[in-house]
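Chemist: predicted model and sequence below, questions to follow.
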2 protein chains.
Amino acid sequence: MNFSSVNFENLTPVNFVKRSAAVYPDKAAVVNGSKIYSYRMFFLRINRLASALKKIGIGKGDKVAFIAPNIPPMLEAHFAVPMIGAVLVTINIRLSPGEVAFILKHSDARVCFVDNEFAGLVKPVLSDLPDVRKFINICDVDDGRPLEGQDYESFLETGSPAEMDIDIDSELDVAAINYTSGTTGEPKGVMYHHRGAYLNSLGDCLEMKLSSDSVYLWTLPMFHCNGWCFPWAVTAAGGVHVCLRKVEPGEIFALIERENVSHMCAAPVVLIAMANHPGAKEIKLKRTLEIATGGAPPSPTILGQMEAMGANVTHVYGLTEVYGPYTICAWQKEWNSLPSEKRAVLKSRQGVAYTVCQFLDVKDTNTMESVPRDGRTIGEVVMRGNVVMQGYYKDRAATSRAFDNGWFHSGDLAVVHPDNYIQIMDRQKDIIISGGENISTVEIENVLYRHPDVMEVAVVSMPHEKWGEVPKAFITPMPGTSPDAEEIIAFCRENLARFKAPKAVEFITLPKTSTGKIQKYILRKRAWNQES
Amino acid sequence: MNFSSVNFENLTPVNFVKRSAAVYPDKAAVVNGSKIYSYRMFFLRINRLASALKKIGIGKGDKVAFIAPNIPPMLEAHFAVPMIGAVLVTINIRLSPGEVAFILKHSDARVCFVDNEFAGLVKPVLSDLPDVRKFINICDVDDGRPLEGQDYESFLETGSPAEMDIDIDSELDVAAINYTSGTTGEPKGVMYHHRGAYLNSLGDCLEMKLSSDSVYLWTLPMFHCNGWCFPWAVTAAGGVHVCLRKVEPGEIFALIERENVSHMCAAPVVLIAMANHPGAKEIKLKRTLEIATGGAPPSPTILGQMEAMGANVTHVYGLTEVYGPYTICAWQKEWNSLPSEKRAVLKSRQGVAYTVCQFLDVKDTNTMESVPRDGRTIGEVVMRGNVVMQGYYKDRAATSRAFDNGWFHSGDLAVVHPDNYIQIMDRQKDIIISGGENISTVEIENVLYRHPDVMEVAVVSMPHEKWGEVPKAFITPMPGTSPDAEEIIAFCRENLARFKAPKAVEFITLPKTSTGKIQKYILRKRAWNQES
């Protein structure tokens, strides 16, 4: 099917901007501070970027790297790079220079665009990057050009604004590579193709009800799973992208107010920061703010706080390997009449597959049988279909391990409730086996998040003479509180089966990866090296 | 790409019901009078139908015909038939027995399901249909079994309710054939594949903002372009299908009220019938009713009347060859502040391509150049891409004529406005050439629809000694009015370029096809045989 004809055209998200530029030429596409690009202008800049890249010899299959926060060039890259059949590699700005160098080398990046604030991520390793032929400085905050080479706007000037054709051979061509930031091990390059990106973008539109009236605030990094495909989805809908360089609650609230924001995506930790911002309690949003949250289940407390402001939080779940969100806790009308506590419990589940994703199961991976829909039996979450990655770049062994038995293995352990909604119980490597019983660390964490003095928590195993291992909780207390370990344990015993309550509690600042994931392996090391 | 693997699955609309049955098992899927099927029950019946068909030897590529109004078996057929790789052929219940026989024979139908009210369409021609191996009586209004064979419910009983796999080789396999009901000539069988039906269904969801909260009233016949793909789209969204045997304004209003209907599709003539229903002026809908209308542009009068009730009318345009609607008059926010007269003019345009359709142009078909975006230059509407038919069944010559120069030729003439919205000026064969000037009959009709005494109108050419041909208007007056021809002509002269005003007006009941299209060729014959 890699041809184009009267009745066949490759599915590609690049087409979305062509349509929106034709339908909404004068409507705002991108807002960055006081700068506004209409869809006409946005599309012009995209064509310039694509054409400029072509002129320096970038073409099919070539990798183009971007190291930048959520600013217009990142959005432009999501269309311009795949438009010419090249492959977009966005790199996490929170990585170390060594990690950045690893990704630039591993991905075979030919060109690298670097926001000047983050030039420090490549400067120390430049000598290690002979294959990157060109660096471009993105000057968003100031005009500095710390790297030898052009600035972004001058580079655009070298390209033509004329509309370019999309130059791909097949909808299965790779459009982007996203490097995982696993909590351990070397990053792996997850390949997304045009078909998957197209379908998942439509999925975002459908599940999050995006329309031309939508105003999307860029709290979620675009370097993370291509911003869950929202650069394409919001553009498909003809909505407005509101850029955000830095996740800062004051700035978030100011933009929500000023731009009349309708949608955003963010991890619960961002919502926690918003809810704890001074004055947050007085905020009443004039327009309902639809928030998709993922990465961890939203706690009842945070759901309540966000709802009080006028936001509606929807829980989504996915992984880099499935283009970002794959499941959604789809709302059931009859839940409206439940008490908010009950609603929050239902909402915290990962839910059901996106309509475009569809193939989702929880299996006993020894037998590959689906687990019973009893809300108790734990199995591994597996996925299949068009919105599963093409594979890991240059790592066939890892790909075939991940694709064992005809399914993509998420490494997440879950139960399926009688209503077919899944609930993640733990990462496979985090589960605690205590006296032969499985204990979900996530279940304990969910209980602890209901405690008023707990801001963030991670539960890991620690050794125990009798039971082999038992849970230990590491807690960052809410500012201004000083909770007591005994009282915390008692609270867990009231709200959990007794054997699941942590046997120890420690108050610390939780160690995190550059993407904000808690590094449980560090905590586990600490728990196993200490006396219990 | 005709394989299924960890990261590839054929796009097929059949999957939508599998997902909705898992996510919304207890939610209403189909309402037919006092009968309600939940998604679980709907899916069960679909599996029974698929399995029963398999048991009688129906398999890949076999054609299964349905002759029925908008009742549950029609919805079930849209999933069960393509699920087993067979091809659904729904037949217009307003055709004559001869036409029905033509379609049953031409499509190679193996089984034919007939609603018992419409058995008269096949009974007289049974002897002419040796290749139809089995007839099934659908007993919706009563238990009569006028055709020899089982009734639908007993047939379902022969099938198993167990979930069946989707048995297709490729997403380009044909899922349905829809016979055109052109105003002249033999019907042609338009082939829809799974990929196109899947994408256009997502398009319906996006453009019409369908969600699990949507309640869709079946005013548009499912035998017409598979109900514009809404059997699949509403199911994808997890909405409610409200069945309707007969388009009758009283019944429509009663169902809208009782079922809290949010969406419907209908030709303007249905809206006119609704607006002229006794008591319509007092109606205030409690929930905004989103109406997609197509087949003809909605007049300002009807837009105003429907809006006064609490409906929002969106104009869509398409053809059988492009799975129903292909363009939508996408709303622009700044139009909100325009006077309603102005808004109506903008709304009456056919607009821009659906996001999933995308490839739309208006071309001078001699040069295949796009016409200038000046709102004046007329060209032919052409389309391309995944939502263009596979071709005409068993008619390669007609297919290649329609697919000339790499585009599907609609046969509709249009202009493109500076804002990229298209406006149909006429069918290619209807345009009037008067003294060398093109006159759009649609443009004149649009003006006449603003006249309070005009219920329906069709303008065709009539001979003229000096100008070659000139416009003549055939009008069905609004009940209770008796308009005057001179006054009507004067009204046109006030609102149109002088040379475009009709030179003659005749008041008659307009001749129509079985699908309600006005038969202009009959009027033209009449105009050319009369003295002018």
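Modeler: Now that the structure is in, tell me what you want to look at. Numbers count the residues shown, from 1 in each chain, chains lettered A, B, ... in the order given.
Chemist: for the rest of this, base every contact and every neighbour count on C-alpha atoms.
Modeler: OK.
Chemist: and what about the residue of the stretch 51-200 of chain A found nearest chain B, helix, strand or coil?
Modeler: In the stretch 51-200 of chain A, the residue that lies nearest chain B is A:Gly196 (8.9 Å; C-alpha to the nearest C-alpha). Using DSSP: H, G, I helix; E, B strand; the rest coil, the structure places A:Gly196 in helix.
Chemist: and if you look at the one 3 residues further on?
Modeler: Applying three-state DSSP to A:Leu199 yields a three-state assignment of helix.
Chemist: what residues are up against the closest residue to it other than its chain neighbours?
Modeler: Using C-alpha to C-alpha, 6 or more residues apart in numbering or on different chains and skipping residues adjacent in sequence, the residue nearest A:Leu199 is A:Val356, 6.4 Å away. When contacts are counted by C-alpha atoms under 8 Å, 6 or more residues apart in numbering or on different chains, A:Val356 is found next to A:199-200, A:202-203, A:387.
Chemist: domains for chain A, by residue range?
Modeler: Per automatic domain parsing, the domain ranges recorded for chain A read A:14-24+A:32-192, A:247-427, A:432-529.
Chemist: a markdown table please, covering those and showing distance to B:Pro82 and mean pLDDT.
Modeler: Formatted as a markdown table, the domains of chain A follow (distance: least, C-alpha to C-alpha, whole Å; pLDDT from 0 to 100):
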| stretch | distance to B:Pro82 | mean pLDDT |
| --- | --- | --- |
| domain A:14-24+A:32-192 | 24 | 96 |
| domain A:247-427 | 18 | 94 |
| domain A:432-529 | 42 | 89 |
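Chemist: now the strands for the stretch 251-400 of chain A?
Modeler: Per DSSP state E, counting those that start in this stretch, the stretch 251-400 of chain A carries strands over the ranges A:263-266, A:289-293, A:311-319, A:324-328, A:352-353, A:359-364, A:369-370, A:379-384, A:391-392.
Chemist: I'd guessed A:Cys329 sits against A:Ala344; true?
Modeler: No: A:Cys329 is beyond contact range of A:Ala344, at 11.1 Å (criterion: C-alpha atoms under 8 Å).
Chemist: the two: which is more packed in?
Modeler: Of the pair A:Cys329 and A:Ala344, A:Cys329 is the one with more neighbours under other C-alpha atoms under 10 Å in any protein chain shown, namely 25 against 20.
Chemist: any idea how far that one lies from A:Gly196?
Modeler: Going from A:Cys329 to A:Gly196 by C-alpha to C-alpha, to the nearest Å gives 21 Å.
Chemist: how many residues are close by A:His78?
Modeler: Applying other C-alpha under 10 Å, I find that A:His78 has 24 neighbouring residues.
Chemist: packing partners for the helix or strand hosting it?
Modeler: Assigned by DSSP states H and E, A:His78 belongs to helix A:72-83. Contacts defined by 3 or more C-alpha pairs under 8 Å, 6 or more residues apart in numbering or on different chains; DSSP states H and E place helix A:72-83 against helix A:14-23, helix A:39-55, strand A:87-90, strand A:174-179, helix A:230-237.
Chemist: contact partners of the third one?
Modeler: Strand A:87-90 is contacted by residues A:60-68, A:77-78, A:81-82, A:107, A:109, A:174-178, A:222-224, A:226 when judged by C-alpha under 8 Å, 6+ apart.
Chemist: mind listing what's buried in stretch A:241-250?
Modeler: A:241-245, A:247, A:249 (16 or more other C-alpha atoms under 10 Å in any protein chain shown).
Chemist: please apply the same query to stretch A:353-370.
Modeler: Per 16+ other C-alpha under 10 Å, stretch A:353-370 contains these buried residues: A:353-365, A:368, A:370.
Chemist: quick one: distance of that stretch to the chain centre.
Modeler: How far stretch A:353-370 lies from its chain's middle: 21 Å, per C-alpha atoms, centre = their mean, to the nearest Å.
Chemist: got it, and stretch A:223-230?
Modeler: On C-alpha atoms, centre = their mean, the centre of stretch A:223-230 falls 6 Å from that of its chain.
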